[in-house]
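S.K.: Pasting a predicted model and its sequence here:
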Amino acid sequence: RDWLTLAALGAILAVAGALRARFLLPDAAGALPASHYDEMVYLEAALLWVRGLRPYGDFFLAHPPGILLAFAPAAAFGQAWGGMPVLLAGRWMQGLYGAAAVLLLYCAGRRLGGRVAGLAAALVLATDIQAVQVAPLETVVNLATTAAVALYLGATTAKRLGPRLLLAGLAGAAGTMAVATKAPGAVALLLLALWAMGGRQWRELGAGAVGAAAAGLPLGGLFALPDLGAFWRQVLAFQMLRPQETTYGRNHLLRMADYPESRLTFLLLIAAILMLSGFALAEGW
């Protein structure tokens with residue numbers, strides 16, 4: 001049975017890798033599939049940062065700094081102003097992040113519902129077209145949030161106190177990384193906090209808070225504190241005041257739900273919410 005599970009998981013990871021590989025390399029005409037300006041902006045920002053320029057001070061950056069950390073390994077060894085090798089290295093890193101998120105989602109699903117649930121969850125993320133295409137912020141947020149959930153689930157099932165607190169702290173740190181990449185990543189930290197309070201897991205909640213702070217304080221000291229005003233103006237005010245982030249963006253979730261390639265994912269999400277609500281009611285929450 002374990003061999004069957006490993007074989008199925010290996011097949012799912014192979015499918016995830018193959019689907020993502022379709023968007024990593026240029027086609028026969030030399031064009032990159034699914035390319036967009038966000039990818040170029042974030043990789044260029046990482047190039048500037050690894051060469052000593054300070055984000056929010058020396059150059060404009062409209063997102064939290066986590067994407068710089070995610071792209072830094074690709075940017076550190078490339079040419080000073082990028083080029084195709086650096087861009088492809090960044091894309092391959094995104095493919096690896098996406099495959100790692102699939103594996104972590106399997107771990108979370110298995111702890112919640114067993115082998116079949118874990119494999120089903122991994123298959124959904126492995127084949128979801130929106131997750132497969134190159135999307136730098138979303139790919140890293142997916143990885144950080146699935147890591148946070150998987151680690152906290154590991155904490156709740158660990159038998160000894162030391163591993164429980166360690167895993168809960170690492171979950172909090174992963175949640176901070178999600179927030180540091182894109183603001184909606186805060187949902188991961190909120191979810192874990194509500195989960196801990198609902199289960200009266202006060203020590204785990206404290207360990208998660210310590211882990212989140214331990215990851216957040218160095219990030220804040222490195223990126224935000226040198227010019228706190230500029231950081232908030234660029235990360236928060238710019239995003240809130242842009243017309244496309246307010247007028248156009250209000251109904252973006254509804255538009256995403258209407259994409260043909262997203263309908264299965266949203267239907268499964270609704271089913272999962274209904275199932276979790278039923279479990280919560282049955283447990284008397």
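M.R.: Noted; the coordinates are in hand.

S.K.: so where's the stretch 1-150 of the chain uncertain?
M.R.: 1, 34-35, 78-82, 134-135 (pLDDT under 70).

S.K.: Tell me how far the residue nearest in space to the middle of the chain lies from A148.
M.R.: Central residue of the chain (CA atoms, centre = their mean): V141, 1.7 Å from the mean position. From V141 over to A148 the distance is 10 Å, taken as CB to CB, to the nearest Å. In this view, the C-beta of every residue, glycine as well, is placed from N, C-alpha and C.

S.K.: Check L13 too.
M.R.: L13 is 21 Å from A148, by CB to CB.

S.K.: rewinding a little: would you agree the residue nearest to the centre of the chain is in contact with A183?
M.R.: No. V141 is not in contact with A183 according to CB atoms under 8 Å; the separation is 9.6 Å.

S.K.: So L13 and A148 - more neighbours on which side?
M.R.: A148 (30 against 17; other CB atoms under 10 Å).

S.K.: List the buried residues for the helix or strand containing the more buried one?
M.R.: Assigning secondary structure by DSSP states H and E places A148 in helix 136-157. Using 16 or more other CB atoms under 10 Å as the burial criterion, the residues of helix 136-157 that qualify are 136-156.

S.K.: Contacts only, for I67.
M.R.: By CB atoms under 8 Å, 6 or more residues apart in numbering, the contact set of I67 is 42, 45-46, 136-137, 140, 181.

S.K.: what does stretch 36-43 rub up against?
M.R.: 63, 67-68, 71, 74-75, 82, 86-87, 90-91, 134-137.

S.K.: That should have said stretch 184-204, apologies.
M.R.: 141, 144-145, 148-149, 152, 155-156, 161, 164-165, 168, 171-172, 174-179, 205, 208, 212, 285.

S.K.: how does it look with 7 Å?
M.R.: Applying CB atoms under 7 Å, 6 or more residues apart in numbering, the contact partners of stretch 184-204 are 141, 144-145, 148-149, 152, 155-156, 164-165, 168, 171, 175, 178-179, 205, 208, 212, 285.

S.K.: what about it, average pLDDT?
M.R.: Mean pLDDT, stretch 184-204: 86.

S.K.: List the buried residues of that stretch.
M.R.: Applying 16+ other CB under 10 Å to stretch 184-204 flags 185, 188-189, 192-193, 195-196, 201, 204 as buried.

S.K.: and stretch 4-16, which residues are buried?
M.R.: Neighbour-count burial for stretch 4-16 [16+ other CB under 10 Å]: 5, 8-9, 12-13, 15-16.
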